[in-house]
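Undergrad: Below: sequence and its predicted model.
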Amino acid sequence: MKKYLSYLAVGFMLISQACFAQMEPPDEPTDEPPDEPEIQMQETNGRQMMMEKGRMRHRGEFGERMSNRANKYIEEMEKYQPGIKSLFEELKAIAEGKQNKRFLRQVFADVPLMYRLAKDNEEIKKSVAESTKLEIESLILANKISTAKENTDVEPLKAEFRQKLITVFEKKQDMRKMRLDHLEKKIQKTREEIKFREENKNKIIDQRYNQLINSDSSMEW
């Protein structure tokens, strides 16, 4: 009996080895992978290409989307600041020459928001127009200084440029104060609305009840 069992065990081992041998994949030539620095370089280059495409697309979208809006803003600002239109055309030519819309983005960074705040407020619009004109003038001056020839005396331009920046800064501070004042007024109005609703809580709930049941309404839910 023991001899019979030993034969079975040996047979089982031989069959198992044969099965596992069939399951092993055949040997294949293995090419060594590129060095790790090379892989990292490829990944880095790929990310850089994607980022560059994104920047190019962003610049293109900005040009298309902002061109008409910028012209519209400048046309309205011309009423408050005569000459801003010609200055803006000069700045656009500089931006096109540099193939960089950074100048234009700087000019209109705050304009859309301020115009939304202004609505029919002429004082805010005048302030925005003045600030925008000063910003354009400062950028044109900066370009004159950076592109001046070696032997050109740019010290007077630098002094004018610095003074212009001081004025631009002060105007931008004024605009930020206007924005803050606008926000404070909105907050105060919201506080008053909350207080009113709290004081008239039951009336508002009753009105909502009647509104849904009888289509009756006189207060906002």
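TA: That came through fine. None of the values given here were measured: they were computed from a predicted structure.
Undergrad: pLDDT below threshold where in this protein?
TA: 1-66, 215-221 (pLDDT under 70).
Undergrad: One more pass at 80, please.
TA: Along the chain, the model assigns pLDDT under 80 to residues 1-67, 98-103, 106, 118-120, 214-221.
Undergrad: can you give me the helices for it?
TA: Using DSSP state H, the helices of the chain run over 2-23, 36-80, 84-98, 102-107, 111-118, 122-146, 155-199, 201-214.
Undergrad: okay, now the spatially closest residue to Val168 that is not a sequence neighbour: neighbour count?
TA: Using Cβ to Cβ, 6 or more residues apart in numbering and skipping the chain neighbours, the partner closest in space to Val168 is Leu134 (4.7 Å). Using the backbone N, CA and C atoms, a C-beta is placed for each residue, glycine as well. Leu134 has 20 neighbours, counted by other Cβ atoms under 10 Å.
Undergrad: how close does Leu134 sit to Lys172?
TA: Distance, Leu134 to Lys172, using Cβ to Cβ, to the nearest Å: 9 Å.
Undergrad: same check, this time on Glu160
TA: 18 Å.
Undergrad: ok, now which ones touch Lys92?
TA: Contacts for Lys92 (Cβ atoms under 8 Å, 6 or more residues apart in numbering) come out as Leu104.
Undergrad: Equivalent analysis for Val154, please.
TA: Here Val154 is in contact with Lys144, Ile145, Ala148 (Cβ under 8 Å, 6+ apart).
Undergrad: what about 6 Å?
TA: Val154 makes contact with Ile145, Ala148, according to Cβ atoms under 6 Å, 6 or more residues apart in numbering.
Undergrad: what's the closest non-adjacent residue to Ala148?
TA: Val154 (4.9 Å).
Undergrad: quick one, phi psi at the one you found?
TA: phi -100, psi 0 (degrees, to the nearest 10).
Undergrad: what about Ile84, how many neighbours?
TA: Neighbour tally, Ile84, other Cβ under 10 Å: 23.
Undergrad: swap in Glu135?
TA: Applying other Cβ under 10 Å, I find that Glu135 has 25 neighbouring residues.
Undergrad: And the one 3 residues further on, by the same measure?
TA: Burial of Ser138 is recorded as 22 neighbouring residues (other Cβ under 10 Å).
Undergrad: Please tell me how far it sits from Lys149.
TA: Between Ser138 and Lys149 the distance is 21 Å, computed by Cβ to Cβ.
Undergrad: Determine which stretch of the helices of the chain is the most buried.
TA: Per residue and on average, the most neighbours among the helices of the chain fall to helix 122-146, with a mean of 19 (mean count of other Cβ atoms under 10 Å).
Undergrad: Does that helix pack against any helices or strands, and if so which?
TA: helix 36-80, helix 84-98, helix 102-107, helix 111-118, helix 155-199 (3 or more Cβ pairs under 6 Å, 6 or more residues apart in numbering; DSSP states H and E).
Undergrad: export the second one as CSV, just CAs?
TA: What follows is helix 84-98 as a C-alpha-only set of coordinates in CSV (Å, rounded to 0.1, in the frame of the first residue of the first chain):
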residue,chain,number,x,y,z
ILE,A,84,-7.5,108.1,-25.2
LYS,A,85,-8.6,106.5,-28.4
SER,A,86,-5.4,107.5,-30.3
LEU,A,87,-3.3,106.5,-27.3
PHE,A,88,-5.0,103.1,-27.2
GLU,A,89,-4.3,102.6,-31.0
GLU,A,90,-0.6,103.4,-30.3
LEU,A,91,-0.5,100.8,-27.5
LYS,A,92,-2.2,98.2,-29.7
ALA,A,93,0.5,98.7,-32.3
ILE,A,94,3.2,98.2,-29.6
ALA,A,95,1.4,95.0,-28.5
GLU,A,96,1.2,93.7,-32.0
GLY,A,97,4.8,94.5,-32.7
LYS,A,98,5.8,92.6,-29.6
